[in-house]
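**Student:** Task: produce atomic coordinates for the following.
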Amino acid sequence: MKTILIVDDEPRTREGVCKTLKAWSLGRHHIETASSGVEALAWLQENDANLLVTDIRMPELGGLDLVERISGMAHPPVVILISGHPEFDYAHKALQFGVVEYLLKPLDKIKLVQAVELALAREENMNRIQRMEKLVDSKLMGTAQQDKVYSVQVREAIRYLDEHLPESVTMSEMADHLHMNASYFSVLFKEQTGLTYSEYLTRRRVQLAKELLANTRLSIA
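**Tutor:** Model prediction:
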């Protein structure tokens, strides 16, 4: 369940946004509120939020200052800023912090919900990209990018291994498959890919395992 944190020092606005989002959410999201930037910052230091909806002008700690403070957190929420003033400087600075939307008071309920849906979609996409980045082996990416400069033998070895990853394919067997001397093939493979044959095979199998764990319901076994 995703969490939305609403921050505004004006009770009427805070309660209005909360009521609108609860009606839209129908229990699909957890919605929290804070009456100040200081309270919100303290809450975010102890809890995670997927989306932060915050007023810009608040005593002690304003919305932009709050966003700047949390930008260094491990998993900062995406942000929607609300303001009673159409100030360009605020909007420009908000964009620098990656704020998804800048809404003016009085808030239009439809625009608010649309902004929240957009922000949560953006947050989900960012998470998906981060998950994919964690799956990617940078050394394997390097071998993929250099594929065009490989010799015919190395390209064939990589193609064959990718098609037979679950099977046991020793370097000697691969050399025989390519009609090459095993020692020469070993040197050629390392020279062109930057990885030994066994290192490439191990990394490629681990990569496949991570992809299967992330994208299927197969057991770890």
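**Student:** What values do phi and psi take at the residue nearest to Pro11 when sequence neighbours are not counted?
**Tutor:** Distances taken as CB to CB, 6 or more residues apart in numbering put Ser35 closest to Pro11, at 7.4 Å, once the chain neighbours are dropped. No exception for glycine: its C-beta is placed from N, CA and C like everyone else's. When read as degrees, to the nearest 10, the backbone of Ser35 gives phi -90, psi 0.
**Student:** residues near Ser35, how many?
**Tutor:** Close neighbours of Ser35, defined as other CB atoms under 10 Å, add up to 15.
**Student:** got the contact list for it?
**Tutor:** Going by CB atoms under 8 Å, 6 or more residues apart in numbering, Ser35 touches 7-9, 11, 14.
**Student:** Could you identify the most distant pair in the residues you listed?
**Tutor:** With CB to CB as the measure, no two of the contacts of Ser35 lie farther apart than Val7 and Pro11, at 12.3 Å.
**Student:** Same drill for the two, tell me which one is more crowded.
**Tutor:** Higher neighbour count among Val7 and Pro11: Val7, with 27 against 10, using other CB under 10 Å.
**Student:** pretty sure Glu123 contacts Leu51?
**Tutor:** Yes. Applying CB atoms under 8 Å as the test, Glu123 and Leu51 come out as touching, 6.5 Å apart.
**Student:** which residues do those two both contact?
**Tutor:** Counting by CB under 8 Å, 6+ apart, the contacts common to Glu123 and Leu51 are 2, 77-78.
**Student:** contacts for stretch 185-199?
**Tutor:** Against stretch 185-199 from outside (CB under 8 Å, 6+ apart): 139, 142-143, 146, 149-151, 153-154, 157-158, 171, 174-175, 178, 180, 200, 203.
**Student:** Secondary structure element holding Ile4?
**Tutor:** Secondary structure from DSSP states H and E places Ile4 in strand 2-7.
**Student:** May I have the strands that pair with that strand, each with its orientation?
**Tutor:** strand 29-34 (parallel), strand 51-55 (parallel) (DSSP bridges).
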